[in-house]
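K.L.:
Got a sequence here, can you build the structure:
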Amino acid sequence: MKHTIILLLLIAAVSSCNNKQEDKISHDLIVSGDTIIVSDHSPLSEKLKTGRVKEEPYQMEFTTSCAVKAIPTNYAEIASPFAGRITKSFVRLGQKVVPGSPIFEISSPSFFETGKTYYQAKQEMELALKSLKREQDLLQNRVGVQKEKEEAEVNYELKKKDYENALASLKVYQINPDELVLGKPLIIRSPIAGEVVKNNVVLGQYMKEDAEPEAVIANLSKVWVVANVKEKDLGLIQNLKEVEVRLIAMPDKVIKGKIYHISEMLDEETRSIEVLIECENSERIMKPGMYGTVKLADSPTNAIFVPAAAILQDEDNSYVFISLGVNKYEKRKVITATSANGKTVVLSGLSSGENIVTSGAFYLIGAR
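P.N.:
I've put the predicted structure just below:
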């Protein structure tokens, strides 16, 4: 019990000394707005160190995660538009193809009906045209009737429209109407030039109309790297021309890329913008789905560097204390960027040559 009382007395004595020292410090400070004056005899005079700020070479940069993606116009999933049975395959995995190259052949009753509909529409249009010409000749020779000519014109326009729709259906499936033969299987062709990177075509296989693609054609000589840039960093990428990409699979290899597109839409959940970076991939080292990082760097310039200890924070802003003379300081708001090696970049709020509190600035916080 005796030891406890002694310990409490010692704590009370230390606390009393500290409180007296804090009271003395607070009484040694004169505050006027954002200006603080420290009295000559205050112990703070020895705790505050100042230094003159200056500009140094600086290049703002940051790194964000990314993923490799095939360029949509250089990527095609090949499936059959009709249900049917595969009767022939024309490609193998890794084979190079050009637009129009046959991929596989499928025998489909639905396709036969489409071809039949096309020929019927074509024949009916030709008959309607003949009927129209006949009515026009009769009317010119004064033996025809105007009403019958007009009906023939309407009928021809309707049949012509049916023919055009049937023709458009064939072209969607890359079918040349001049080569169409009723009863002949449909040949599925590649819409792009590239390489067969997936081939699940099996002879005799029956495919449903909504079946998954049986082959994938891709031209991967160029790829996109998709990066998500935070809203606060958008200003950094507006004037960039070239960026550096590093893949997880090859961390020591630097791949150059060019910004292809910056999305106009902001993701409200992540507060970021999708940025597409185009990269040459002639060596095929970049595979769609690979992950990596992108380093984005602004053009080199000069900026003011200050010791990280000189930067103070409140709820919303960063600030420093400017030395206005002997023992006189002013609080000033600053905007900062990155910090490294014990220094922080100040983007605005300071001018080269000004004196700031570089050490002990936190002692002045209690005066605010």
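
K.L.:
Need the residue closest to the centroid of this structure.
P.N.:
By C-alpha atoms, centre = their mean, the chain has its centre lying nearest to residue 274, at 2.0 Å.

K.L.:
check contacts around that residue.
P.N.:
226-228, 263, 265, 267 (C-beta atoms under 8 Å, 6 or more residues apart in numbering). Every C-beta, even on glycine, is put in place using the N, C-alpha and C of the backbone.

K.L.:
between those, which has the most around it?
P.N.:
The most crowded member of these, judged by other C-beta atoms under 10 Å, is residue 227 (25 neighbours).

K.L.:
For it, give the beta-bridge partners.
P.N.:
Judged by DSSP bridges, the bridge partners of residue 227 are residue 66, residue 275.

K.L.:
got it, and residue 32?
P.N.:
residue 35.

K.L.:
Give me the mean pLDDT for the lengthiest helix in the chain.
P.N.:
In the chain, taking DSSP state H as the definition, the longest helix is helix 109-140. Throughout helix 109-140, pLDDT has a mean value of 91.

K.L.:
helices and strands around that helix, which ones?
P.N.:
Packing contacts for helix 109-140, counted by 3 or more C-beta pairs under 8 Å, 6 or more residues apart in numbering; DSSP states H and E, involve strand 84-89, helix 146-172.

K.L.:
try 10 Å this time
P.N.:
strand 84-89, helix 146-172, strand 186-189 (3 or more C-beta pairs under 10 Å, 6 or more residues apart in numbering; DSSP states H and E).

K.L.:
so where's the stretch 1-150 of the chain shaky on pLDDT?
P.N.:
Low-confidence segments of the stretch 1-150 of the chain, defined by pLDDT under 70: 1-27.

K.L.:
List the residues that contact residue 60.
P.N.:
If a contact means C-beta atoms under 10 Å, 6 or more residues apart in numbering, then residue 60 has 233, 235-236, 296-301, 303, 337-338, 345, 347 as its contacts.

K.L.:
Which residue ranges of the stretch 201-350 of the chain form strands?
P.N.:
Ranges of strands within the stretch 201-350 of the chain are 206-207, 215-218, 222-230, 243-247, 250-267, 272-280, 291-297, 301-307, 312-313, 318-325, 328-340, 343-348, based on DSSP state E, counting those that start in this stretch.

K.L.:
Give the bridge partners for residue 56, please.
P.N.:
residue 303.

K.L.:
Now for it, how many residues are close by?
P.N.:
12.

K.L.:
Next: residue 79.
P.N.:
Neighbour count for residue 79, taken as other C-beta under 10 Å: 16.

K.L.:
any idea how far it is from residue 212?
P.N.:
Using C-beta to C-beta, to the nearest Å, we find residue 79 at a distance of 7 Å from residue 212.

K.L.:
who wins for proximity to residue 97 among the helices and strands packed on helix 109-140?
P.N.:
strand 186-189 (8.9 Å; C-beta to C-beta).

K.L.:
quick one, what contacts residue 347?
P.N.:
Residue 347 neighbours (C-beta under 10 Å, 6+ apart): 58, 60, 303-304, 334-337.

K.L.:
which one of the contacts of residue 60 has the most neighbours?
P.N.:
Most surrounded of the contacts of residue 60: other C-beta under 10 Å gives residue 296, at 21 neighbours.

K.L.:
my guess is it contacts residue 227, does it?
P.N.:
Yes - between residue 296 and residue 227 there is a contact at 8.0 Å, judged by C-beta atoms under 10 Å.

K.L.:
Common neighbours of those two, please.
P.N.:
Common contact partners of residue 296 and residue 227 (C-beta under 10 Å, 6+ apart): 63-64, 237, 243, 259, 275, 277.

K.L.:
I'd like those residues written out as a markdown table, with distance to residue 49 added.
P.N.:
Rendered in a markdown table, the data for these read as follows (distance: C-beta to C-beta, whole Å):
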| residue | distance to residue 49 |
| --- | --- |
| 63 | 34 |
| 64 | 37 |
| 237 | 38 |
| 243 | 40 |
| 259 | 44 |
| 275 | 43 |
| 277 | 45 |
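
K.L.:
And these, which of them are buried?
P.N.:
237, 243, 259, 275, 277 (16 or more other C-beta atoms under 10 Å).

K.L.:
now, of the helices and strands packed on helix 109-140, which is deepest in the fold?
P.N.:
Highest mean neighbour count among those (mean count of other C-beta atoms under 10 Å): strand 186-189, with a mean of 20.
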